[in-house]
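S.K.: Fold the following and give me the result.
(3 chains)
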Amino acid sequence: MQARLGDLATLLAGTLVGNADHLVTRIGPLETADAGTIAFLANPRYQAQLATTGAGCVIVGAAQRDAAAARGACIVCPDPYLAFARLTQWWAAQTRVRPAAGVHRTAVVEPGAWLHPAASIGAMAYVGAGARVEADAVVGPQAHVGADAIVGAGTRLAARVLLGEACRIGERGIVHGGVVIGADGFGFAPAQGHWEKIEQLGSVQIGNDVEIGANTCVDRGALDDTVLEDGVKLDNLVQIGHNVRVGAHSAFAGCVGVAGSARIGRHCTAGGGAIILGHLEIVDHVHISAATVVTRSIHKPGQYSGLFPFDDNAAWEKNAATLRNLHAMRERLRALEKKG
Amino acid sequence: MQARLGDLATLLAGTLVGNADHLVTRIGPLETADAGTIAFLANPRYQAQLATTGAGCVIVGAAQRDAAAARGACIVCPDPYLAFARLTQWWAAQTRVRPAAGVHRTAVVEPGAWLHPAASIGAMAYVGAGARVEADAVVGPQAHVGADAIVGAGTRLAARVLLGEACRIGERGIVHGGVVIGADGFGFAPAQGHWEKIEQLGSVQIGNDVEIGANTCVDRGALDDTVLEDGVKLDNLVQIGHNVRVGAHSAFAGCVGVAGSARIGRHCTAGGGAIILGHLEIVDHVHISAATVVTRSIHKPGQYSGLFPFDDNAAWEKNAATLRNLHAMRERLRALEKKG
Amino acid sequence: MQARLGDLATLLAGTLVGNADHLVTRIGPLETADAGTIAFLANPRYQAQLATTGAGCVIVGAAQRDAAAARGACIVCPDPYLAFARLTQWWAAQTRVRPAAGVHRTAVVEPGAWLHPAASIGAMAYVGAGARVEADAVVGPQAHVGADAIVGAGTRLAARVLLGEACRIGERGIVHGGVVIGADGFGFAPAQGHWEKIEQLGSVQIGNDVEIGANTCVDRGALDDTVLEDGVKLDNLVQIGHNVRVGAHSAFAGCVGVAGSARIGRHCTAGGGAIILGHLEIVDHVHISAATVVTRSIHKPGQYSGLFPFDDNAAWEKNAATLRNLHAMRERLRALEKKG
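M.R.: Predicted structure coming up:
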């Protein structure tokens, strides 16, 4: 794989400063880049790296044009990070082998499933009765599409994905290995010391352009459906409870948990390990910091946080012990204020 | 699927107020219910919804009988939430296809496995030597039953479950996709800068009526066994370390982690993301709030919590910074008190 | 399975006190040990258990020799915990069946894969084109080795492991069920209200003697590779983001999350549920307590903590409410100090 800088500038709709015929063979970070590498600079804070990088070409914004040009070739783009993203997409399209259309001889496709002739069903994959796999969709090796489930056009289920019965994912989605969509939500009625199961009769509805990370779980709804709207991005090991709705273009980092019936707005984000409790509402454009536990609805856009600051163990122990008496401290402070 | 109200009242051992011949075709929430929907009201706080719902019938308690009857048909039950649970069970039994008994032609069953003729082994499932699958048990497509493992009567392993070697699950259990039962516990002895593996020689013993959520892990014991007693319910992405014992009818929400050798009582609950450290004991009827970290044994029933309150980011930052000096604040308060 | 104490003493390079011909049939904990059991005492705090145990033999350190001998046979070793670890390894080697070398008839091995004749490829496993499986390596039933991936000599992938395209694991590794190595890292560029995918072009490089717990995820790098150095141990449900580097012999307990591009030193540990944010650096010999969130780089070895102390719910509520006004409390304290 090699690419002419001139062609890449055209591809990225950027302005090339330097030799259009120079060839690069790799996209790489500034620090380890050599003459065959194209790199990018998105954050002006790292501008100093321009002076030392050996990159054959750097994608930069207009403000970094002169600094970049002083050291060698560059492609100037309005949004260098976005240009980098597009470059990776083009690169992947050139280098990756698309799975062949058709059904692998070892796959099991139940009678009554409908497969577009341009869909690909991998080795030892399973497609249940009544399921639909649309054009250019890929069901990876050992993946599972339950009865009556739908895989939209161009969507890729990686190896060992489980898309449960009657669940639906839209177009151009990417689902990574080990994901479980459509397991039962966690619903029980207490009954004389034991738990009586509430059968989960809903399903999961996933929009277009959704990406779901490895081993993430999205449960089916109890009565209505669990919903991920268009453009939602979930990282690995995320838990989405039953009847949750995640608004369009919201993105959750790894290990986030969202409890049942929470309704998250559009363009929200949650950092790694954040927990959102059930039956609450979060408006659009809310950003939850990592490891924060959201215990009530959020009605105003903005950044929300709640994590215990870490410290060396001795300092933490002292502060944590004091914290257990915080309310008493406040009472003592009040008493002093009254006296004073 | 349609059901007569009269038949449903009989099924739920409730009293029907209204037309016994009215037909419903769906169980649904009060807000979106129409004449063909049967809904329920379990929490008196939501009684106002009775006035506006379009439900063809509502399951209510005695206290809501008049309010419910004023608007249309209702079924009066002593515990409407439990009645709802039982209704979902009946509904699921009517509508879901039971997998056929027998072994799918693509499954691999090792010599020496014992399968009840009324058990179902799905497509591309694996059953190891010496394993036992009892009557009406279901081993889903692509699931795995290790050598010498036992699946009790009526238990369902969903697609892609892994029940490890010599592990046992009792009767009427439900195990969701991606669960791993019987991976090695995390045990190592430090040895001159590296870790020496402690082979995990125990197994996992799971009682009757246990449900385990998607991608949850239950490790095998180091010497003795890890134990989930009867009626335990685990949500998705829960981690149960080696030699843990979870008492009967305890229930843990998503993303809970229980470290090795913890002993949890009966009828306990843990909210999402709670962490229980190892080698500690928790008595019966203890309830751990979401995201709480249990760092020592709990000897008294009750509710326990420990989570940092979240706030808008600016307020949190101020409080968190102050928290790092909390011990010093207490010293200053003491000094003031002495002076005063 | 039975073993002579004399043979075990030789195996463990320890000194036997007692009858060399006594036979044990089981390794067990002191509390439940009988005459046929060999147990160990590693922590002098539990020395009192020696008086009451029924163990046929106890592995002890020199300091416990007399107390142990007073009650029956013992094997004295310099490091009894390490001796116990080695005993479990020997025991497992005697009792466990090694999977047969060769390719199961139901496995799918793509043309161009290279398999050592002494490797074992399990039932319904998948090995992609260009992959390499070295001597004595085991690819478990229903496991998946992607195209161009490498499984080092003696490494065991349990059932249902996914080793992604072009990812590499070294020698003597153990990877438990449900692990996903090489899913895409979580990388997106914001673009006018939606997320533009950054294709993840790196892979995962895993050293020798690495163990990875069930359903853990290790993402592939964006441009360079994600790296786990030799001797790393990861427990279950751990998340390792793209371009993370984990130094040799570091060990992370269950549910730990490490965000992208974090660089962790050697001989570090992290307790269950700890979160390490992205793009930070942690030096060698740093120990992170359970459930602690590391939000900045750590430049000094030691123990670090940051978790909210749990309490009964009423006490916690009072303290948590006060905590939300902590900064204001400090201001009031200052005001009092000035006045005073």
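S.K.: nearest residue to the residue in chain A that chain B sits nearest to other than its sequence neighbours?
M.R.: Nearest residue of chain A to chain B, counting by CB to the nearest CB: A:G306, 3.0 Å away. For the C-beta atoms, the positions are set from N, CA and C on the backbone; glycine is no exception. Spatial nearest neighbour of A:G306, excluding adjacent residues (CB to CB, 6 or more residues apart in numbering or on different chains): B:F310 at 3.0 Å.
S.K.: can I assume that neighbour is in contact with A:T295?
M.R.: Yes. B:F310 lies in contact with A:T295 (CB atoms under 8 Å); the separation is 6.8 Å.
S.K.: residues in contact with the residue nearest to A:G306?
M.R.: By CB atoms under 8 Å, 6 or more residues apart in numbering or on different chains, B:F310 lies in contact with A:288, A:292-295, A:304-306, B:316.
S.K.: Which pLDDT value belongs to it?
M.R.: With respect to pLDDT, B:F310 has a value of 96.
S.K.: same thing with A:E337?
M.R.: pLDDT, read off for A:E337, is 88.
S.K.: Determine the three-state secondary structure at it.
M.R.: helix (DSSP: H, G, I helix; E, B strand; the rest coil).
S.K.: Against C:I59, how distant is it?
M.R.: From A:E337 across to C:I59, the span is 62 Å (CB to CB, to the nearest Å).
S.K.: do A:L157 as well
M.R.: Distance of A:L157 to C:I59, computed by CB to CB: 50 Å.
S.K.: One more: A:K339?
M.R.: 64 Å.
S.K.: quick one, which of the two is more surrounded?
M.R.: C:I59 (29 against 10; other CB atoms under 10 Å in any protein chain shown).
S.K.: backbone phi and psi for the more buried one, please?
M.R.: phi -90, psi 120 (degrees, to the nearest 10).
S.K.: Could you measure from the spatially closest residue to it that is not a sequence neighbour over to C:C74?
M.R.: Using CB to CB, 6+ apart and skipping residues adjacent in sequence, the residue nearest C:I59 is C:F40, 4.0 Å away. Noted for C:F40: a distance of 10 Å to C:C74, by CB to CB.
S.K.: quick one, domains of chain A?
M.R.: Listed domain ranges for chain A are A:3-95, A:102-304, A:312-340 (source: automatic domain parsing).
S.K.: The stretch 201-340 of chain A: helices as residue ranges?
M.R.: All helices of the stretch 201-340 of chain A, identified by DSSP state H, counting those that start in this stretch, fall at A:313-323, A:326-339.
S.K.: among those, which is the most enclosed?
M.R.: When those are scored by mean count of other CB atoms under 10 Å in any protein chain shown, the highest mean neighbour count falls to helix A:313-323 (a mean of 19).
S.K.: got the CA coordinates for that helix in PDB?
M.R.: Coordinates of the C-alpha atoms in helix A:313-323 are reproduced here as PDB (Å, rounded to 0.1, in the frame of the first residue of the first chain):
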ATOM      1  CA  ASN A 313      -3.100   6.000  50.200                       C
ATOM      2  CA  ALA A 314      -2.200   7.700  53.500                       C
ATOM      3  CA  ALA A 315      -3.700  11.100  52.500                       C
ATOM      4  CA  TRP A 316      -6.800   9.400  51.200                       C
ATOM      5  CA  GLU A 317      -7.200   7.400  54.400                       C
ATOM      6  CA  LYS A 318      -7.200  10.500  56.500                       C
ATOM      7  CA  ASN A 319      -9.600  12.400  54.300                       C
ATOM      8  CA  ALA A 320     -11.900   9.400  53.900                       C
ATOM      9  CA  ALA A 321     -12.000   8.900  57.700                       C
ATOM     10  CA  THR A 322     -12.800  12.600  58.200                       C
ATOM     11  CA  LEU A 323     -15.500  12.400  55.500                       C
END
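S.K.: hmm, that helix in reach of chain C?
M.R.: Yes. Applying CB under 8 Å from any CB of the partner chain, one finds that helix A:313-323 is in contact with chain C at A:313, A:316-317, A:320-321, A:323.
S.K.: what is the mean pLDDT for that helix?
M.R.: When pLDDT is averaged along helix A:313-323, the result is 94.
S.K.: Just want the angle from that helix to helix C:313-323.
M.R.: Put simply, helix A:313-323 runs at 100 degrees to helix C:313-323, going by axes from the mean of the first three to the mean of the last three CA atoms, to 10 degrees.
S.K.: which outside residues touch helix A:313-323?
M.R.: Contact partners of helix A:313-323, identified using CB under 8 Å, 6+ apart, comprise A:310-311, A:329, B:323-327, B:329-330, C:289, C:302-309, C:319, C:323.
S.K.: let's see 7 Å
M.R.: Residues outside helix A:313-323 that contact it (CB atoms under 7 Å, 6 or more residues apart in numbering or on different chains) are A:310, B:323-324, B:326-327, B:330, C:289, C:303-306, C:309, C:319.
S.K.: farthest-separated two in those?
M.R.: Using CB to CB, the contacts of helix A:313-323 reach their maximum pairwise distance at C:Q303 and C:N319, which is 24.1 Å.
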